[in-house]
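[1] 3D model of this:
(one chain, ligands or ions: 1)
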Amino acid sequence: MDMSKDVLIVGKPPPGSCQLSQAMRAYGWSPLHADDLEQAAALIEDHSLAVGLIYLVSGNLPKLSSLENTVVDDTTQWIALVDQEPRDDTALSRLVSHLFFAYHVLPIENRQLDCLLNHALTMARLCRRQADDALVETQHHDDEIIGATPKIRELFRIIDKVANVDAPIYINGESGTGKELTARAIHKRSTRSRGPFIAVNCGAIPNSLIQSELFGHEKGAFTGACQRRAGRIEAAAGGTLFLDEIGDLPFEMQVNLLRFLENRKVQRIGSLDEIDVDVRILSATHNDLEEAVRVGDFREDLFHRLNVIQIDMPPLRERQEDIELLARHYFEKFLDKTSMTVRGFSNDALILLRKHDWPGNVRELVNRIRRAMILCEHRLIRPIDLGLERRRNHRHAVTLEQARHIAEHDVICAALARNRNNIQNAARDLDISRVTLYRLIEKHAIRRHCRHDELVQSMKIVP
Ligand SMILES: Nc1ncnc2c1ncn2[C@@H]1O[C@H](COP(=O)(O)OP(=O)(O)OP(=O)(O)O)[C@@H](O)[C@H]1O
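    Model prediction:
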């Protein structure tokens with residue numbers, strides 16, 4: 001990859017310093033000039049510049065937020081030319097240390113400047129090559145599903161194939177494997193994509209409300225029904241209804257859903273009218289639905305109605321080569337270049353990510369990356385920052401919010417463990433509603449179906 005020796009010079013040297021352009025030309029550089037950051041931004045956009053020089057002269061400093069916005073972009077390597085050490089100005093020294101390739105206190109010799117610019121150019125080339133490689137490596141099905149292993153490629157193929165077949169699809173897989181993401185991808189690629197995508201978590205709605213939530217109600221149909229309300233099925237008309245955790249649908253509601261699937265009509269509570277609704281049904285669960293059918297917890301006729309096409313989501317441990325891709329994708333997504341020191345993963349951290357069993361699958365991985373990025377105080381995330389070891393010891397400070405987050409996780413695990421994963425009883429122990437407990441389980445990527453002893457183990461994680 002060739003990069004020209006264009007270099008952008010922003011601002012003016014302090015009074016008494018010489019202009020550098022002529023000397024730079026003598027070393028083969030082609031300088032371009034910008035008087036201020038606004039001009040600089042326009043030139044960067046037009047010329048895809050690899051290296052920039054910026055004068056940061058006391059008494060004439062640009063606004064720090066504008067400076068940050070200009071230099072934060074990864075594709076240009078910046079060198080600051082300063083008239084005094086920036087270390088006395090905390091905000092400026094933080095910005096220079098985080099976002100600049102190098103700085104030099106003026107005056108600077110021509111040879112020194114050429115040497116610095118050459119180093120910056122080499123680094124810019126390396127960064128661009130890495131960015132290009134990452135683009136080739138990462139396979140996106142659409143904006144969100146990440147993976148390149150044969151299992152995930154097979155998933156992409158199935159999604160493309162089933163998107164326009166208007167049959168119900170049942171997505172089966174462990175918690176956090178991307179079932180909802182897959183449902184959204186199917187909707188997005190289907191002829192219904194202009195219609196709504198409505199997701200309902202059947203496990204999170206109290207039994208007493210689920211009928212009205214799905215089918216709607218008329219004003220005065222029951223105490224508290226102050227006004228007429230369409231249900232979620234009607235809301236999805238013309239689009240897709242995604243019934244998540246379908247295995248948690250109360251038995252009596254299963255009959256009503258089956259009836260809807262057969263005649264495609266809904267009847268709001270308190271009304272005699274039947275309304276035709278054209279909607280595609282996708283469903284998912286992390287439970288073993290066939291086993292639920294076998295023991296009589298789930299209606300067999302409904303199971304067959306929903307399961308015209310089945311998609312099995314591969315757990316993360318079966319596609320280890322995707323772990324690094326996912327980790328890097330979410331790292332980039334969460335990276336706040338202006339306030340974080342962290343720049344990537346250490347090799348040991350990547351090895352640990354690949355070795356981990358990932359009971360909570362991609363959701364757990366995402367949470368670990370986010371947590372590591374907050375806790376990490378170095379340029380590279382180290383194994384300890386990931387918190388995957390059972391007993392860990394943070395030598396550095398943890399904020400009150402982080403401590404609360406960890407404590408919340410541990411208390412929920414303890415309640416689930418004491419109650420052998422019974423949501424109702426665990427919620428009662430915690431004095432919260434079932435819906436809130438479901439939300440918290442999701443937030444912390446807690447593996448609900450893990451064994452009692454595993455939950456007790458996970459309680460023991462010491463921050
Ligand atoms: N292949 C993937 N690429 C990128 N992100 C993913 C992938 N799979 C899952 N995720 C992310 O992991 C998180 C959980 O995904 P999702 O909600 O789709 O899982 P789920 O299987 O429906 O979970 P649950 O069973 O708990 O409802 C989301 O943040 C999602 O964006």
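
[2] what parts of the stretch 251-400 of the chain come near the ligand?
    His286, Leu326, Val362, Arg363, Val366 (C-beta under 6 Å from any ligand atom). Backbone N, C-alpha and C define where each C-beta goes, glycine included.

[3] farthest pair within those residues?
    Spatial extent of those (C-beta to C-beta) is set by the pair His286 and Leu326 at 19.0 Å.

[4] comparing those two, which residue is more hemmed in?
    Neighbours of His286 and Leu326, each counted by other C-beta atoms under 10 Å, are more numerous for His286; the result is 22 against 19.

[5] and the residues of the stretch 251-400 of the chain next to the ligand as JSON lines, adding secondary structure and pLDDT?
    Converted to JSON lines, those look like this (DSSP: H, G, I helix; E, B strand; the rest coil; pLDDT from 0 to 100):
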{"residue": "His286", "secondary structure": "coil", "pLDDT": "85"}
{"residue": "Leu326", "secondary structure": "helix", "pLDDT": "94"}
{"residue": "Val362", "secondary structure": "helix", "pLDDT": "94"}
{"residue": "Arg363", "secondary structure": "helix", "pLDDT": "91"}
{"residue": "Val366", "secondary structure": "helix", "pLDDT": "93"}
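
[6] format the residues you listed as TSV; extra columns: distance to Lys12.
    Below are those laid out as TSV (distance: C-beta to C-beta, whole Å):
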residue	distance to Lys12
His286	62
Leu326	46
Val362	51
Arg363	52
Val366	46
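
[7] okay, now Met373: neighbour count?
    18.

[8] residues in contact with it?
    Phe331, Phe334, Leu335, Met340, Val342, Ile381 (C-beta atoms under 8 Å, 6 or more residues apart in numbering).

[9] what are the phi and psi values at the last one?
    Phi and psi for Ile381, reported as degrees, to the nearest 10, are phi -70, psi 130.

[10] just to check, it is in contact with Ser346?
    Yes. Ile381 is in contact with Ser346 according to C-beta atoms under 8 Å; the separation is 6.3 Å.

[11] is it correct that His33 falls within a strand?
    Yes. Using DSSP: H, G, I helix; E, B strand; the rest coil, the assignment for His33 is a strand.

[12] who is it paired with across the strands?
    On the basis of DSSP bridges, His33 is bridged to Ile9.

[13] my read is that it contacts Val7, right?
    No. His33 is beyond contact range of Val7, at 10.1 Å (criterion: C-beta under 8 Å).

[14] neighbour count winner among the two?
    Using other C-beta under 10 Å as the criterion, His33 and Val7 rank with Val7 on top: 22 against 14.

[15] closest approach to the ligand from the stretch 301-450 of the chain, which residue is it?
    Using C-beta to the nearest ligand atom, Val362 is the residue of the stretch 301-450 of the chain that sits closest to the ligand, at 3.4 Å.

[16] please identify which helix or strand holds Arg125.
    helix 110-137 (DSSP states H and E).

[17] ok, that helix near the ligand or not?
    No. On the criterion C-beta under 6 Å from any ligand atom, helix 110-137 is out of touch with the ligand, staying 13.9 Å away.

[18] next, the buried residues of that helix.
    Judged by neighbour count (16 or more other C-beta atoms under 10 Å), helix 110-137 contains these buried residues: Leu113, Asp114, Leu116, Leu117, Ala120, Leu121, Ala124, Arg128.

[19] looking at these, which gets the smallest pLDDT?
    Of all the buried residues of helix 110-137, Arg128 carries the smallest pLDDT score, 78.

[20] right, and that residue touches Thr75 too?
    Yes. Contact criterion C-beta under 8 Å: Arg128 and Thr75 qualify, at 6.7 Å.

[21] anything in contact with each of these two?
    Joint contacts of Arg128 and Thr75 (C-beta under 8 Å, 6+ apart) are Ala50.

[22] what residues does the one helix or strand Leu43 maps to touch?
    Taking DSSP H and E as the criterion, Leu43 maps to helix 37-47. Outside helix 37-47, the residues that touch it by C-beta under 8 Å, 6+ apart are 6, 8, 10, 32, 34, 49, 52, 54, 62, 66-67, 69-70, 73, 76.

[23] now that helix: mean pLDDT?
    pLDDT averaged over helix 37-47 gives 86.

[24] give me the buried positions along it.
    Leu37, Ala40, Ala41, Leu43, Ile44.

[25] ok, of the residues you listed, which one's closest to Arg264?
    Nearest member of the buried residues of helix 37-47 to Arg264, counting by C-beta to C-beta, is Ala41, at 54.8 Å.

[26] from the ligand, how far out is the closest one?
    Here the criterion is C-beta to the nearest ligand atom, to the nearest Å. By it, Ala41 lies 32 Å from the ligand.

[27] repeat for Asp244
    On the measure of C-beta to the nearest ligand atom, Asp244 and the ligand end up 5 Å apart.

[28] which ones are touching the closest residue to that residue other than its chain neighbours?
    The shortest distance from Asp244 to any non-neighbouring residue, by C-beta to C-beta, 6 or more residues apart in numbering, is to Asn201 (4.8 Å). Asn201 is in contact with Asp244, Glu245, Tyr438, counting by C-beta under 8 Å, 6+ apart.

[29] great, nothing more from me.
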